[in-house]
Structures are given as structure tokens and as C-alpha cells.
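**Q** Okay, here's the prediction I keep looking at, along with the sequence it came from:
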Amino acid sequence: MPPDRRTPSTGRAYLLWALPVVVIILLVAALAGTSGTRTHLGDRHDPATGVAGRGSTIAPGGPLANPSGSPVWVQATLRTAVRSRLPRSFLGLSFEYWDVPGLDARPAVLRRVFALLHVPGDGPLLLRLGGDSADQAYWGGSPGLKLGPWPFRITNRWLRTLGSVVRSAHLHVLLDLNLAARAPRMAARFARAALRELPPRSVVGFEIGNEPDIFHHWIDYHLIGRAGQFVAPSGWDQYSPSAYARSFANYARALTRVAPQIPLAGPASANPLHDIQWERLLLARDWAWLGLLTVHRYPLSACAHPRAQDFSTVARMLSQKISSGLAPQVIPALRLAREAGLPLRMDELNSVTCEGRRGVSNTFAAALWAPDALFSLWKAGLAGANIHVRQGAPNGAFAMSQAGLVARPLLYGLALFARALGDRGKLARLRVGRTVPSMRLWTVRSGRHLNLVVLDKGDHPAHLMLRVPARGPALVQRLTAPSVRSSSGVTLAGQTLSASGRWVGRRTLQTLTRSGRRYRLVVPAYSGALISFRL
């Protein structure tokens, strides 16, 4: 009978029948919750540390649930056997040419930023100068040189500023040269000046071009110098792999005359998976000049249509496709590099292109993305990766303001990665009994220490039972934020980075003791942890 036609007596009868059924359902649910969702650990749980102790239970909603609703405990075995040693100078940074003049405003602060990303016992931190500004940077010419609206002029003062930064932080430098101008003689003059002004042996390579596979605009250059007048051909707006290879050869011949000892790098392609022909043809034609094969990658885009699969969102930032999924995209280029006996470096890397997207690339999600992406590239066999830092852009790990350092969440994720590497770290083997898609685990052996990085990218806490051949208690450093969308309030081991580039606040190292043959740990939702065991 439709409700609007039901009589009062019929409604009362319906309620009298339904009430006992509701009571029975509630009783069954309560009993099931008591016996099924509360899991006895045999240890007492400390809510302050997330570390289990003797004799307690985990409240409902704590363990990560699978689709059937039953608790999921992740069991992992850490081993001392290693996969590969960390390549020297693996973690680096990439800056734009036009951001260099502002780097010497607070040299001590910048030096501290470089230091927190430098791994003890590793080679010098590699700073790559390039990006969009590479094809807009020119050297030489008279003061009255007529230029288009975009070019950035490199001067001796610019080189002195870069030299001061490189000298104070003991950096290595990879300089990306202007290929769009098609002016190899200008590039050679710039290379000669750079070698004269920068510290000895600090320049480790000259990169020719920046993402020629997606080059889609032309800057109207009129370059006048000792090489004579250069006028860009009207309407030129793209490269082909063969045209790039020919230009590379022209630049290589000019550069080897002034800097025969400096390796050349290329092609700095934006999409190494789909544009593999750029690497293949370059190696076929110009292998003798190459010392380093380079690629770039931004898995998400702020310029894409909101309905596009690569449009940047927090949910996509947290997916494995965006972090560990980077490695399969460079495997074809890596195979080519190995066949040629060359290292492959991703010398421009970040999460979101088009300078990033506020509310996504400047959030805590980027801090959870970075370590996973870097570990995946290391495991794949890359020689290194340079995180691109563009001042003022939302995807920058940090910025330098008048007040000093502006540390974004991404910088904290990079710092966690650097801490996990230890001294001369080696990627160690790990066996996970039951995987959870939202959680990632990476193990590094450093001397007598075994470091485990846990990244929980899901909305439930991750409960781990760890079997480790270790002695005594372990130490836990937590990477946390108020929420996964937070752009501030991030802490690493309870501390934050101040404007001076120093860690402030009480350093919190939690102690994890072994219960029986296992260590047990709870990692809250949307957080990370670095657990250090002594072997």
C-alpha cells in the first residue's frame, strides 16, 4: 500500500512489527564489532607514538580495511642483501637561468638547503641550469643589441654570482645551452667564459637543448657577436629528431674546440617513452660526443583539460602511477643508454608541469610523492634525478624571499629521502607478505644500519609487522602534516624548517622495541616514517 494511503492503525502495526527486527540487527552488529573488528595484538598500543606495546587492542577503524571489511596487517621482511649502490650525486636540483641572480641574497641559507639534501659520503650535489630559460638565455653582443620580448641576457656578473654559489656549497654544475638560437659559436663563447669564471672542475657537462621534442614556440633572436649576425628563420617552430641530431653535431664541434674535456649531454626530451626516437637517433649519429643521456618527466600537468587523465589533482598525485610509475616510462631510454655504455639521468623532474598547480603540487601530497618517485628511479637504474625548482612556482620545493627560506612540503619529502640514504647507501631487498596499494616501503642499507621508509598514501593507518635481523630498539622519524592538502605545518621528526634554513622545534625520535621476533608499527593515514634499525 502506498505510504500516503496508509491508515494510522496500519502504520502502528508496521512499527510494532519492525521494532524487534531493528533491535535484533543492532545487537548482532554490536556483537560482531566486539569480536571481529577489535584485533588483539598481545602488545599495548601507545597513541602518542603509534608504537604497539604489551597487552592492548586496536580500536575499530584503526587497521587498514580491505573491500570485505576485515582488517589487513602488512607483514614485511627486511633483508641485509643489497640490490644496488646509490650512484654518486644521485639527488640533485635544477634551476632556471633567470633565478640565479637572486640566489646570493642569503648565501648561508641557501647553503643549508643544499646541505640538507646532500648525502654524507656522496659526490657533490649536482645543480643543473636549464629549463625554459635555457632557450631564452644568450651570451655576448653589444649593449644596444636588439632583442625580442623574452631573451635573458647572461653577463659576467651572472657568472660571478653562480660561481659564488657553486664555490660556497661545493656544487657540480650541468649547463643547458641555448639550442633555439641555433648559434653554436655563441654557445662556445659562453662555455669558455663559464670555465674561466666557475671553480675548477665544477662544470661536469654541457647539455644541448631543452625538450626539443615538444618545442612549440620561437623567440625572435637577433644575435650579433664575433660569430657575426644571426637572424632566426621566420616561422621556424619545431624540431624533428634528425634536425636535432644535426644541430647537436654542430654544437658539439664548436664546444670541443674550447672545452674538449667536458662531456656533452642530451637530448633532454620531455617524453622519453613516446619520443624514444630522439634518443635512438642521437646515439646513432653523435654517440662519440655524448657523455650523458638526459630525459625529463612531469607526470601531471596544470595545463591539461580538467577531464584529461594527466590533469593534476591530489588523488592522482597520491597514485602509484604518478610516482613509482615513472620508472617504466624510462626503461626504453635506459636500455639504449646501457647499450651505448652511457649513464641516463633525469635532469629535470617534478610532479606537475606548467609551473605546477596550487592546491596540488604545493601540498603535502608532493612530500609523499617525491621519495617514492626517487626510489623507483634509483631501482630502475638511473644515474640520478634533478628536482626542478622554479622560484615563485607552486611546484618549487622552496623559494628564497626577502625574509629567507620558504620551505614547501616537497622539500620535506626530499629531506626524508636524503636521510634514508645514510652514508654510501645501498638499496636493500624487501619482501612484503601482503601488499596494500596505498602504501610503499623502501629499504636502504647504510653500514651497520638498515633504514626503512614507509609512505602511507591512503586514508587509513598502515599497521606493519616487521621481521628485521636487527639488534635492540629502532628509531622512528615521522613525516606529518595537518592534512594531505596542507601547504604548511609539515614536520619531519617533529621539526620544521625556519626562514634561516635551520631545523627548529623539539626533535622527536620515537623508540620502537621488538616484541618476540617482530617490530610493530602504526603509520597514520597520509604520512611517512623513516625507521632506522641497527644490525
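**A** Now that the structure is in, tell me what you want to look at.

**Q** For the stretch 351-500 of the chain, just list every one of the helices.
**A** Counting by DSSP state H, counting those that start in this stretch, residue ranges of the helices within the stretch 351-500 of the chain are 364-380, 409-421.

**Q** just the chain next, same as before
**A** Counting by DSSP state H, the chain has helices at residues 8-36, 107-117, 156-169, 184-197, 241-258, 276-286, 314-318, 326-340, 364-380, 409-421.

**Q** Paired strands for the top strand by length along the chain, with orientation please.
**A** When the chain is parsed with DSSP state E, its longest strand is strand 74-85. Strand 74-85 has its sheet partners listed here by DSSP bridges as strand 426-432 (antiparallel), strand 462-467 (parallel).

**Q** hey, which of the ones you listed is tucked in deepest?
**A** Compared across those, strand 462-467 shows the largest average neighbour count, a mean of 22 (mean count of other Cβ atoms under 10 Å). The C-beta positions use only the backbone N, C-alpha and C, and glycine is treated the same way.

**Q** what residues are up against L411?
**A** V113, A397, F398, L497 (Cβ atoms under 8 Å, 6 or more residues apart in numbering).

**Q** V100 and T294: what is the separation?
**A** Per Cβ to Cβ, to the nearest Å, V100 is found 20 Å from T294.

**Q** Those two - which one has more neighbours?
**A** Remark: of V100 and T294, T294 carries more neighbours, 32 against 20, as counted by other Cβ atoms under 10 Å.

**Q** residue contacts, that one?
**A** Shown in contact with T294 (Cβ under 8 Å, 6+ apart): E207, A265, G266, P267, A268, S269, L344, R345, M346, D347.

**Q** Show me what the third one bridges to in the sheet.
**A** Right, G266. Going by DSSP bridges, G266 is paired in beta bridges with L293.

**Q** between the contacts of T294, which is closest to S486?
**A** Of all the contacts of T294, M346 has the smallest distance to S486: 27.4 Å, by Cβ to Cβ.

**Q** surely that closest one meets A380?
**A** No - contact between M346 and A380 fails when scored by Cβ atoms under 8 Å: they sit 9.9 Å apart.

**Q** which residues are common contacts for these two?
**A** Residues touching both M346 and A380 (Cβ under 8 Å, 6+ apart): V330.

**Q** Between those two, which is the more surrounded one?
**A** The residue with more neighbours, out of M346 and A380, is M346; 27 against 18, by other Cβ under 10 Å.

**Q** Can you give me the neighbour number for the closest residue to R246 other than its chain neighbours?
**A** The shortest distance from R246 to any non-neighbouring residue, by Cβ to Cβ, 6 or more residues apart in numbering, is to R285 (8.0 Å). Neighbourhood size, R285 [other Cβ under 10 Å]: 17.

**Q** Tell me which residues touch R285, please.
**A** Counting by Cβ under 8 Å, 6+ apart, R285 makes contact with A245, R246, F248, A249.

**Q** So what's the residue count around H388?
**A** Other residues near H388 come to 25 when the count uses other Cβ under 10 Å.

**Q** That one is in contact with V352, isn't it?
**A** No - with contacts counted by Cβ under 8 Å, H388 stays clear of V352, the gap being 10.7 Å.

**Q** coming back round to it: pLDDT on the longest strand of the chain, on average?
**A** Across strand 74-85, pLDDT averages out at 86.

**Q** Outside of it itself, list whatever touches it.
**A** Residues contacting strand 74-85 (Cβ under 8 Å, 6+ apart): 64, 378-379, 381, 424-436, 439, 441, 443, 445, 450, 452, 462-470, 533, 535.

**Q** about what we covered before: a markdown table for the contacts of L411, including neighbour count?
**A** Formatted as a markdown table, the contacts of L411 follow (neighbours: other Cβ atoms under 10 Å):
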| residue | neighbour count |
| --- | --- |
| V113 | 23 |
| A397 | 25 |
| F398 | 20 |
| L497 | 25 |
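
**Q** Of those residues, which is the nearest to S319?
**A** Ranked by distance to S319 (Cβ to Cβ), these are led by A397 at 20.7 Å.
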